[in-house]
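**Q** 3D model of this:
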Amino acid sequence: MTEPDGRDGAGLRAPFDLFDLSGRVAIVTGGLGQLGRQYCRTLAGAGARVAALDLRADDDAVARAFPDLAGSEACPLGVSADVTDRGSLETALARIRAQAGTPDILINNAALDSPPNAPLEENGPFESYPVESWRRVFEVNAEGVFLCCQVFGGAMAEAGRGSIVNVASIYGQVSPDQSLYQYRRDRGEQFYKPVAYSASKSALYNLTRYLATYWGRSGVRVNTVTLAGVFNNQDPEFLAGYEPRVPLGRMADESDYNGVILFLASDASRYVTGSNLTADGGWTAW
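**A** Below is the predicted model of the structure:
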């Protein structure tokens with residue numbers, strides 16, 4: 001039988017209590033995106049008060065993203081902010097503190113990549129990849145994480161506790177497999193997975209290690225999670241090449257990463273910092 005403090009009769013903490021986030025405040029950047037919505041729901045379901053930080057996080061956008069949670073305590077607080085603008089982030093922090101409290105958890109999820117239907121020059125050969133595109137992707141994927149860590153992570157360090165999860169990618173750990181896009185080149189397109197996304201995601205690993213050592217004595221843990229591709233109605237020819245490349249035989253479902261995010265955000269990982277947790281269906285195991 002479990003005691004009210006979460007310990008059983010033998011004085012042992014109930015295992016599920018390690019994942020309890022009751023009373024904690026979590027920020028998810030890119031909180032209204034495909035994966036951001038999942039992380040918000042997961043953290044709220046574990047008891048956290050969640051702030052969904054996004055460029056378009058007004059009340060209507062939050063209601064559309066979480067229609068079943070509208071009006072409930074589990075509904076995320078929508079906070080409009082630009083991760084590339086420190087002043088915008090400081091304003092967001094002040095609002096979150098006023099409405100929920102000082103953050104305990106930061107999920108750096110916001111990211112920018114060139115979509116498959118981007119202009120030709122963005123998905124063309126490396127030799128002609130626009131430097132403007134390189135700068136724009138780095139501004140969000142690397143500088144945006146840096147600034148969020150400065151503002152929100154700094155508040156955590158001041159409070160003496162917290163967990164930061166920087167969301168990386170298999171394409172930051174290994175090079176993109178350009179053969180997956182051969183079917184597009186075969187039909188006359190000059191299509192290559194661009195360089196900026198990979199390089200920007202690689203930057204997160206050492207930022208994570210730096211901050212883990214810098215803030216370790218301040219009670220702030222900092223880890224990276226490396227994710228693989230998520231199914232989102234991709235071209236069947238792409239899926240035919242991608243899925244056999246994954247040992248588990250499929251792209252990730254949008255809910256597949258919720259467990260690793262909760263693990264790194266919670267006390268279940270309280271002695272884990274400066275680490276990278278790879279959740280890629282086995283992609284990097286080949």
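**Q** alpha carbons only for contacts and neighbour counts from here, please
**A** OK.
**Q** center of this protein - which residue?
**A** residue 109 (2.7 Å; CA atoms, centre = their mean).
**Q** Quick check: the gap between that residue and residue 39.
**A** 9 Å (CA to CA, to the nearest Å).
**Q** if I look at the two, which residues touch both of them?
**A** 28, 31 (CA atoms under 8 Å, 6 or more residues apart in numbering).
**Q** who are the neighbours in contact with residue 257?
**A** Residue 257 sits next to 227, 279 when contact means CA under 8 Å, 6+ apart.
**Q** Repeat the analysis, applying 10 Å as the threshold.
**A** By CA atoms under 10 Å, 6 or more residues apart in numbering, the contact list for residue 257 reads 35, 38-39, 42, 225-228, 230, 279-280.
**Q** ok, and the most crowded of these?
**A** With neighbours taken as other CA atoms under 10 Å, the top of the contacts of residue 257 is residue 39, carrying 29 neighbours.
**Q** what's the neighbour count on the nearest residue to it once chain neighbours are set aside?
**A** Nearest residue to residue 39, sequence neighbours excluded (CA to CA, 6 or more residues apart in numbering): residue 258, at 6.0 Å. Using other CA under 10 Å, the number of residues around residue 258 comes to 17.
**Q** With residue 175 instead?
**A** Around residue 175 sit 12 other residues, with neighbours defined as other CA under 10 Å.
**Q** if we can go back for a sec, the contacts of residue 257 in strands, which ones?
**A** Counting by DSSP state E, those place 225-227, 279 in strands.
**Q** Redo those as TSV? Include pLDDT.
**A** Listed next are these as TSV, based on pLDDT from 0 to 100:
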residue	pLDDT
225	98
226	98
227	98
279	98
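**Q** Just give me the closest of the residues you listed to residue 188.
**A** Residue 188 lies nearest to residue 227 out of the ones in strands among the contacts of residue 257, by CA to CA, at 30.5 Å.
**Q** And for that closest one, nearest residue in space, chain neighbours not counted?
**A** Residue 227 sits nearest to residue 169 (CA to CA, 6+ apart), 4.7 Å away.
**Q** so that neighbour touches residue 229, yeah?
**A** Yes. With contact defined as CA atoms under 10 Å, residue 169 reaches residue 229; the gap is 8.3 Å.
**Q** got any residues that touch both of those two?
**A** residue 280.
**Q** who's more crowded, these two?
**A** Neighbours were counted for residue 169 and for residue 229 using other CA under 10 Å; residue 169 has more, 23 against 18.
**Q** For stretch 131-140, which residues meet the burial criterion?
**A** Neighbour-count burial for stretch 131-140 flags 133-134, 137-140 (criterion: 16 or more other CA atoms under 10 Å).
**Q** okay, that stretch in CSV with CA atoms only?
**A** Provided in CSV are the C-alpha atoms of stretch 131-140 (Å, rounded to 0.1, in the frame of the first residue of the first chain):
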residue,chain,number,x,y,z
VAL,A,131,24.3,31.7,-47.2
GLU,A,132,21.1,33.6,-46.2
SER,A,133,19.4,30.3,-45.7
TRP,A,134,22.3,29.0,-43.6
ARG,A,135,22.1,32.0,-41.4
ARG,A,136,18.3,31.9,-41.0
VAL,A,137,18.4,28.2,-40.0
PHE,A,138,21.3,28.7,-37.5
GLU,A,139,19.5,31.7,-36.1
VAL,A,140,16.6,29.6,-35.0
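**Q** for the record, mean pLDDT for that stretch?
**A** On average, the pLDDT along stretch 131-140 is 96.
**Q** And that stretch, how far out from the chain middle?
**A** Mean C-alpha position of stretch 131-140 versus that of the full chain (CA atoms, centre = their mean, to the nearest Å) differs by 19 Å.
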